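**Q** With the sequence up front, the predicted model follows.
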Amino acid sequence: MICPNCSGKNNQSANFCHYCGYAFSEEERQASYNETVYGKIDKARKAADIVTLKVITDSIWFRILSIAVILALGIWLRMGGVHGFRLESSDDYEIQYLEETDTYYLIAEEEEVPLRFVLPYGTKRIKVRELDEDEDVVSTENYDPDEGFTLSVSGTNHYRLSTSNGKKTTGSIQLYLYQEED
Ligand SMILES: [Zn+2]
């Protein structure tokens with residue numbers, strides 16, 4: 001703290017100025033403390049104490065809101081809200097996933113790869129398009145989600161898969177397949 005008498009710089013906890021011996025008053029010491037990081041944290045903590053957790057949890061609106069949030073979350077989870085369309089790991093392949101483009105790179109043991117998916121809620125159909133290097137569609141197939149299917153490693157082509165609930169597209173991923181070299 002700064003001495004008001006001689007302007008000397010003193011330790012935060014000083015009772016007296018060690019240059020001129022001036023005795024700091026309680027108010028001066030408190031004001032100086034309030035300017036420190038610790039003093040600011042203390043002040044913020046006191047302000048936060050005014051709105052205590054008890055006041056919040058006792059509020060009827062908080063309780064109504066809590067129940068509403070829990071109910072909404074339950075419904076959302078049951079509708080498959082957490083998982084979109086994604087590939088599941090399997091012994092038949094190794095997965096590399098690039099999140100930015102929702103693209104999977106699979107290193108498969110065999111040329112025909114049985115795929116395992118997590119499907120969005122209410123999936124009625126999986127559409128599989130095979131594309132060449134120029135993103136031109138080579139072939140299109142539709143699969144029943146209960147059937148399961150295999151895709152084959154086919155040179156430089158890749159696949160784009162999308163799920164539909166019968167009305168609209170619910171998810172899509174890109175897939176590059178490679179066969180493991182012995
Ligand atoms: Zn002084």
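**A** Received, thanks. Only a predicted model underlies this, so the values are computations on that prediction, with no experimental measurement involved.
**Q** In terms of pLDDT, where does Pro4 sit?
**A** We note a pLDDT of 91 for Pro4 in this prediction.
**Q** Actually, Asp91.
**A** 91.
**Q** From what I see, Ser89 and Ile95 are in contact.
**A** Yes - using Cβ atoms under 8 Å, Ser89 is in contact with Ile95, at 5.8 Å. For the C-beta atoms, the positions are set from N, CA and C on the backbone; glycine is no exception.
**Q** Which of these two has more residues huddled nearby?
**A** Applying other Cβ atoms under 10 Å to Ser89 and Ile95 shows that Ile95 carries more neighbours, namely 14 against 9.
**Q** Just to be sure, the more buried one is in a strand?
**A** Yes - according to DSSP: H, G, I helix; E, B strand; the rest coil, Ile95 belongs to a strand.
**Q** C-alpha coordinates for stretch 150-158, PDB please?
**A** This file holds the C-alpha atoms of stretch 150-158, laid out as PDB (Å, rounded to 0.1, in the frame of the first residue of the first chain):
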ATOM      1  CA  THR A 150     -22.200 -55.000 -47.000                       C
ATOM      2  CA  LEU A 151     -20.200 -52.500 -49.100                       C
ATOM      3  CA  SER A 152     -17.300 -53.400 -51.200                       C
ATOM      4  CA  VAL A 153     -13.900 -51.800 -51.500                       C
ATOM      5  CA  SER A 154     -14.000 -50.300 -55.000                       C
ATOM      6  CA  GLY A 155     -10.800 -48.500 -56.100                       C
ATOM      7  CA  THR A 156     -11.000 -44.800 -55.600                       C
ATOM      8  CA  ASN A 157     -14.800 -44.600 -55.300                       C
ATOM      9  CA  HIS A 158     -16.400 -43.700 -52.100                       C
END
